[in-house]
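1. Sequence isn't available, so here's the structure alone:
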């Protein structure tokens, strides 16, 4: 009897464990059975990648690097797709297109000592043909032979390797030079000749495929000592033109491996901050050069004299300047009107007709320039570094605001265009909030200051100096705009009263209370619907509910992990927190725990956003995924994958039609809310949104 009872008990335990395992498996696999969020558009460009902007041979598609992905964008239609080259810990370091436009090769940059791969893509099928692994750290440059039979790769460890494209096997390799080599290129006709250049070295290589040998010949430069950044080779393969870090352009005979001349020669000084990119026009009669200070120039190929030049991102044309080291930039009709930033020209892509060319800059701007008169227009702009926060105006879905390194930007959601840029040098904006009437943009920065700006011009409204001893990490405004709540890296929560002087129209601020309950940085602040209470989250795992008027603690909860975000449900009955791999529901009254759902099995959930009706919310995490959740069921309805790194923040548009997410790679992803999740929106709200004073005049 005892034996039989023991067997039955063991069987019961086995069945219970089996179903528990099954339930946990179904929970872990909920992401895989969820639908896919539809990506409407991505705004972003890794402009610091040399040659990271490529125009396809058909003149209808443009390819550019964005984090660890390559974006292939159609110029005439609103279409784009992504080629993911590695994980979140890597980025695209170089790229090249084959002569026929069918193959794409991309190089990877990882952490020092970690493997770095070269990816060969078939653009038509969007599939990886080969992944080439013989490097560590960084791939410096890649180049296809004219017949796309071979691929030359140059690594950060100075190894030059020739690969067979068909099989993906390495044929041969050599050390590129004693000093670092920075670029390489096959000639236009022969697949058995290529050129490499770098610091104090310029070599012409003969490739012997039969004997698997690379034989270099050093170019005779005489007394010149140069660091070569870029190479352009004429169609007849007789001459190479190379841009140097010293700012001059050298003409080199490839046939004789001999330096011939340098320019510019017509009394022009060398290009400031070096020649970073170079290209030959379609007729091979002129050279287009881009410098490190934003100057593009057209030079005669034979004499190396400058025939035409212009500078992108020039000083303000309207003569306006603002104070407090701020610089506002407005873009009207695609023309750049004001900026004090001179970015490096990192990419040049000439179209097939030879009358226009695209320019990519290190500040993530893409310009279209006419060859005949160098008239230019800004086609796309983006953040050039990580974006920390995003916010919509109240009851307005046409605009949104992003905050990142050095600047705050206002965007048009439907045109995907930048409307206003507020630049503050040498600091980083960590959080941003908008007043309910849309008349002020309030932001927190890593220098401990709160800065408010007028949304029409981007000029400063007021500044709270020493708002926190360290970084201002969280910020919120009440609906009446009279109370400002801030949280800092110093673990303090502070309440500020704002008032406007009727005589001078200046906004004054006064600190009402400085509250200390947290033991670590304040990560988020959320105010309830009637502005009577607010809750603060901290990375120490605590959330504290405060009374706005009394400036006193009401209640507190303590989670087992750090809390990165906390939100009130729209009816104020519950709160939702996110942290290390978990999302937790709490009762807003007694702060008792209601439900825990697993958001990810490997990454921290950074931020949450809930729609106005409270039926769905969005989470973003370090594993580069955007997830749409059903609030009541606690299940994932859809998953979006487009970011190539850590996603910092997200918001749902007030009309419940779009989701906007921002990430470390500087990308803004705009997603369509699934049709069955859309709530009915009153047309009057859209009409009222026109009253919001957030559009540049």
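-> Cool, the structure landed. What you are looking at is a predicted structure, and each value in this text was computed from that prediction instead of being measured.
2. So in terms of bridging, what pairs with residue 197?
-> Beta-bridge partners for residue 197, by DSSP bridges, are residue 183, residue 202.
3. Per-residue confidence, it, what does it come out as?
-> For residue 197, the pLDDT comes out at 96.
4. I'd guessed it sits against residue 242; true?
-> Yes: under the criterion of CB atoms under 8 Å, residue 197 makes contact with residue 242 at 5.8 Å. Yep, even glycine has a C-beta here, placed from its N, CA and C like the rest.
5. So which of the two has more stuff around it?
-> residue 197 (31 against 26; other CB atoms under 10 Å).
6. For that one, list the residues it contacts.
-> By CB atoms under 8 Å, 6 or more residues apart in numbering, the contact set of residue 197 is 181, 182, 183, 184, 203, 228, 231, 242.
7. So residue 601: helix, strand or coil?
-> What DSSP: H, G, I helix; E, B strand; the rest coil gives for residue 601 is coil.
8. Just the strands from the stretch 251-400 of the chain, written as ranges.
-> 258-263, 275-280, 286-291, 295-300, 306-311, 326-332, 335-336, 345-350, 356-361, 365-370, 376-381, 387-391, 399-412 (DSSP state E, counting those that start in this stretch).
9. measure residue 135 to residue 602 for me?
-> 26 Å (CB to CB, to the nearest Å).
10. which of the two has more neighbours?
-> Taking other CB under 10 Å, residue 135 and residue 602 do not tie; residue 135 has more neighbours (22 against 8).
11. Mind listing the residues bridging to that one?
-> Those that pair with residue 135 in a beta bridge, by DSSP bridges, are residue 116.
12. Hmm, it is touching residue 112, no?
-> No: judged on CB under 8 Å, residue 135 makes no contact with residue 112 at a distance of 11.9 Å.
13. so which of the strands of the stretch 251-400 of the chain comes closest to residue 130?
-> When these are compared by CB to CB, strand 345-350 sits nearest residue 130, at 24.8 Å.
14. Given the closest one, what are its sheet partners and their directions?
-> Going by DSSP bridges, the partners of strand 345-350 are strand 356-361 (antiparallel).
15. what's the angle between the partner strand and strand 365-370?
-> Going by axes from the mean of the first three to the mean of the last three CA atoms, to 10 degrees, strand 356-361 is angled at 150 degrees with respect to strand 365-370.
16. What average pLDDT does strand 356-361 get?
-> Rounded mean pLDDT across strand 356-361 is 95.
17. Flag every buried residue along it.
-> Neighbour-count burial for strand 356-361, counted by 16 or more other CB atoms under 10 Å, picks out 356, 357, 358, 359, 360, 361.
18. so the fourth one bridges to which residues?
-> According to DSSP bridges, the residues that bridge with residue 359 are residue 348, residue 367.
19. In contact with it, which residues?
-> So, once contact is read as CB under 8 Å, 6+ apart, residue 359 ends up touching 53, 290, 296, 312, 345, 347, 348, 366, 367, 368, 369, 376.
20. rerun that using 7 Å as the cut-off
-> 290, 296, 312, 345, 347, 348, 367, 369 (CB atoms under 7 Å, 6 or more residues apart in numbering).
21. how close does the third one get to residue 357?
-> The one in question is residue 312. The value you get for residue 312 to residue 357, if CB to CB is used, is 12 Å.
22. same thing with the first one?
-> When distances are taken as CB to CB, residue 290 and residue 357 turn out to be 10 Å apart.
23. what's the overlap in contacts for those two?
-> With CB under 7 Å, 6+ apart, residue 290 and residue 357 have common neighbours residue 348.
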